[in-house]
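Peer 1: pasting the structure only:
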């Protein structure tokens, strides 16, 4: 038996049908197949999960308890596993103090550099940390932001105190905080705020600890007078204010805006730290520079005492640039990064590592990348392999699939129709295969020739948001517009400018859907209420009996279907609930049936199966729309927290179908979608436009770009090198535009 192969036997995780496969080590293996075909189940839930589980078992119980817990996957055997490094699309977790600089450790190197050669000397490395009390700005405590009260939103100057000038709960007329102002003796309570003298305005808003001379007898004897701002800040700006709930919470968001800290200008650091400079720049200046500019600055520093440090910073910055992230700044908060940007930053951590014989696992690394940047990504993946590592990639992009040494195509369909290996071999062999992936790779690409005419236009004028260069553009209404350009060129900024002007766009992105682990497709679409109603009517019982969150919940597992036992320093054990056999329902609920199916049978149905089982528009129409967006393979009871970004986006789209006269904005809707399904997505976009909607799509995928009615291309580069309109017009015209990278790649796509 060769040790140069990972051997999987009898994998049955999720929809896998006893898959056995041999994966070559120290090669690039790409896993292809339609969404839901079982790629992630094999790569992440079987191979990666078992590698991580076995690695975790090498630690003592104290450490193991603090690591993520992995259950043993459903598989007969896994042989010759190496340590797996998982580089997925999940956004980098971190709070407001987590930045690109901190997560890549480049900020730590810069802190060391400034502590060594910065002048004047202000302290050692830790003093340059905005998370250290000695170095942070005392006013914002190192966050770079402050809550700022919008006085125009809080106080209506056209009204008097008696008319309700203070527009916030507990400050409203009759509210107990309102009495502190009307009983203060400082104001004419029927006088409009706009008519206040300068002194009255100061007393109302800013005064603090003022001694009252003629208060109303009803003013609290022990109370001191505070203006609205100091009282509001003291009450609501505490970290754990219990008053920011309910109606207070929504009003709070309208009144309180986050702004740049006025003391540190957003730098997060104290004046003392900011006084330390190298060549006229402090550490905050360096972090606010785009990475490619920062690299040039670092190269101007010549000091032999810190040469190794400069070399390390240079190498890390060059790695970020090589992966197409040169437009970022080190001060950028990690929470603002896209899934694709997060994944590429994780990849950067492993470049230059001396470790070999690892298994690197990637989940669609091309997400968020313009075709012009995919070649650079491919070079990095090849570099990882050539160092002696095994590289496993889940991917739909033909340009990434093409670099594979070995390809495993799964399917043939999704969900119950998937879970098998339908092809193994090289790229040329895949193109000749009869699988959906083979057919897609072998098709003849075409470009749209007939274009819809705009009924009117949406206008963006003189926008300088983020990196936009004071641009003006018109977006045609009731047509399909695609906004293109390399990552960081200003596409999202252009759309944000549109949303600032037009308040009603329907934005469908990949952000997390709100809901608990109990939320599923049936609850999200609202069809579960109708299903429960049908059960209740058929058996003349309460609807709540068919809810595992209510009367129908199993008393042992509280409706979850599993019981988790915390074993302190050992792994938590999660077992199927014996009382309800894992259904989450009281056993007596399952005796009630609808055409031979109980509630758990129905929740286990796929969307497609349920569409054939039920009649009545309230249930069948949402199910039909889910099938239209390519989610027919998911089960009604699948928890929303298990959805990929692309699945979440298509679920949101399904919920929005049927509107007329709306503005739709899509952010890379092809993410996670197999090429053969993109044609279905295009039909949906066409349907939306035919229903008099305006559809705007940010996209890198050539299948979508080629079928647009109108293209707006931004660039030419990213960050400071982007933000300009390179092209506006029809797809057939951009192909001949010599300034457009998108046009160049569209031309290559058509010649495929």
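Peer 2: Now that the structure is in, tell me what you want to look at. A quick note: this is a predicted structure, and the numbers were derived from the prediction, not measured.
Peer 1: Okay, now the unreliable bits of the stretch 551-700 of the chain?
Peer 2: Under the criterion pLDDT under 70, the flagged ranges of the stretch 551-700 of the chain are 564-574, 645.
Peer 1: Which residue ranges of it form strands?
Peer 2: In the stretch 551-700 of the chain, the segments counted as strands under DSSP state E, counting those that start in this stretch are 562-565, 573-576, 663-667, 694-698.
Peer 1: Distance to residue 151 and mean neighbour count for the ones you listed - can I get that in JSON lines?
Peer 2: C-beta: built from backbone N, CA, C; applies to glycine. Formatted as JSON lines, these follow (distance: least, C-beta to C-beta, whole Å; neighbours: other C-beta atoms under 10 Å):
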{"stretch": "strand 562-565", "distance to residue 151": "49", "mean neighbour count": "12"}
{"stretch": "strand 573-576", "distance to residue 151": "52", "mean neighbour count": "12"}
{"stretch": "strand 663-667", "distance to residue 151": "32", "mean neighbour count": "22"}
{"stretch": "strand 694-698", "distance to residue 151": "35", "mean neighbour count": "24"}
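Peer 1: would a markdown table of the ones you listed with distance to residue 75 be doable?
Peer 2: Shown next, in a markdown table, are those (distance: least, C-beta to C-beta, whole Å):
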| stretch | distance to residue 75 |
| --- | --- |
| strand 562-565 | 20 |
| strand 573-576 | 18 |
| strand 663-667 | 36 |
| strand 694-698 | 39 |
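Peer 1: do you know which of these lies nearest residue 327?
Peer 2: In terms of C-beta to C-beta, the element of the strands of the stretch 551-700 of the chain nearest to residue 327 is strand 694-698, at 15.8 Å.
Peer 1: returning to that earlier point: do you know which of the strands of the stretch 551-700 of the chain lies nearest residue 511?
Peer 2: Closest among these, using C-beta to C-beta: strand 663-667, at 9.0 Å.
Peer 1: List of residues touching that closest one?
Peer 2: Residues from elsewhere that reach strand 663-667, judged by C-beta atoms under 8 Å, 6 or more residues apart in numbering: 458, 492, 495, 498-499, 502, 504-510, 649, 653, 656, 688, 693-699.
Peer 1: next one: stretch 212-230
Peer 2: Counting by C-beta under 8 Å, 6+ apart, 149, 154-155, 166, 171, 179-186, 202-211, 234 sit against stretch 212-230.
Peer 1: Likewise for stretch 364-383?
Peer 2: The contact list for stretch 364-383 (C-beta under 8 Å, 6+ apart) reads 28, 87, 89, 322-324, 338-341, 343-344, 347, 351, 362, 391, 393-397, 399-400, 403, 484-487, 489, 668, 671-672, 700, 702, 741-742, 744-745.
Peer 1: wait, isn't residue 743 in contact with residue 730?
Peer 2: No: assessed by C-beta atoms under 8 Å, residue 743 is found out of contact with residue 730, at 11.4 Å.
Peer 1: So which of these two has more stuff around it?
Peer 2: residue 743 (22 against 16; other C-beta atoms under 10 Å).
Peer 1: For the more buried one, list the residues it contacts.
Peer 2: Here residue 743 is in contact with 713, 727, 734, 735, 736, 737 (C-beta under 8 Å, 6+ apart).
Peer 1: could you say which helix or strand contains it?
Peer 2: Element membership for residue 743 (DSSP states H and E) is helix 741-750.
Peer 1: buried ones in that helix?
Peer 2: By neighbour count on 16 or more other C-beta atoms under 10 Å, the buried set for helix 741-750 is 741, 742, 743, 744, 745, 746, 749, 750.
Peer 1: Also stretch 549-564?
Peer 2: 552, 553, 554, 557, 559, 560, 561, 563.
Peer 1: Dump those residues into JSON lines; add distance to residue 49 as well.
Peer 2: Listed next are the buried residues of stretch 549-564 as JSON lines, based on distance: C-beta to C-beta, whole Å:
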{"residue": "552", "distance to residue 49": "32"}
{"residue": "553", "distance to residue 49": "29"}
{"residue": "554", "distance to residue 49": "27"}
{"residue": "557", "distance to residue 49": "23"}
{"residue": "559", "distance to residue 49": "26"}
{"residue": "560", "distance to residue 49": "21"}
{"residue": "561", "distance to residue 49": "20"}
{"residue": "563", "distance to residue 49": "21"}
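Peer 1: Could you look up the SS state of residue 497?
Peer 2: Three-state assignment for residue 497 (DSSP: H, G, I helix; E, B strand; the rest coil): helix.
Peer 1: for the residue lying closest to it once chain neighbours are set aside, phi and psi?
Peer 2: Excluding its sequence neighbours, the residue lying closest to residue 497 (C-beta to C-beta, 6 or more residues apart in numbering) is residue 463, at 4.1 Å. Main-chain dihedrals, residue 463, degrees, to the nearest 10: phi -90, psi 130.
Peer 1: For residue 463, give me its contacts.
Peer 2: Contacts of residue 463 (C-beta under 8 Å, 6+ apart): 470, 471, 472, 493, 494, 497.
Peer 1: Likewise for residue 137?
Peer 2: 130, 144, 261, 263, 264, 267, 268, 269, 270.
Peer 1: What's the separation between residue 274 and residue 296?
Peer 2: 22 Å (C-beta to C-beta, to the nearest Å).
Peer 1: Comparing the two, which residue is more hemmed in?
Peer 2: More crowded of residue 274 and residue 296, by other C-beta under 10 Å: residue 274, with 20 against 11.
Peer 1: returning to what we had before: so of the buried residues of stretch 549-564, which ones are in helices?
Peer 2: Counting by DSSP state H, none of the members of the buried residues of stretch 549-564 fall within helices.
Peer 1: in the stretch 201-350 of the chain, which segments are predicted with low confidence?
Peer 2: 222, 238-248.
Peer 1: where do the helices sit along it?
Peer 2: Secondary structure of the stretch 201-350 of the chain by DSSP state H, counting those that start in this stretch: the helices cover 228-236, 246-255, 271-274, 283-288, 291-299, 307-322, 339-350.
Peer 1: what packs against the third one?
Peer 2: Using 3 or more C-beta pairs under 8 Å, 6 or more residues apart in numbering; DSSP states H and E as the contact criterion, the secondary-structure elements in contact with helix 271-274 are helix 283-288.
Peer 1: Show me what the helix it packs on packs onto, helices and strands only.
Peer 2: helix 106-117, helix 271-274.
Peer 1: so of those helices, which one's packed in deepest?
Peer 2: helix 106-117 (a mean of 20; mean count of other C-beta atoms under 10 Å).
Peer 1: Show me what secondary structure element comes after that one.
Peer 2: strand 145-149.
Peer 1: Hey, what's the angle from that following strand to helix 246-255? Just curious.
Peer 2: Angle, strand 145-149 to helix 246-255, by axes from the mean of the first three to the mean of the last three C-alpha atoms, to 10 degrees: 100 degrees.
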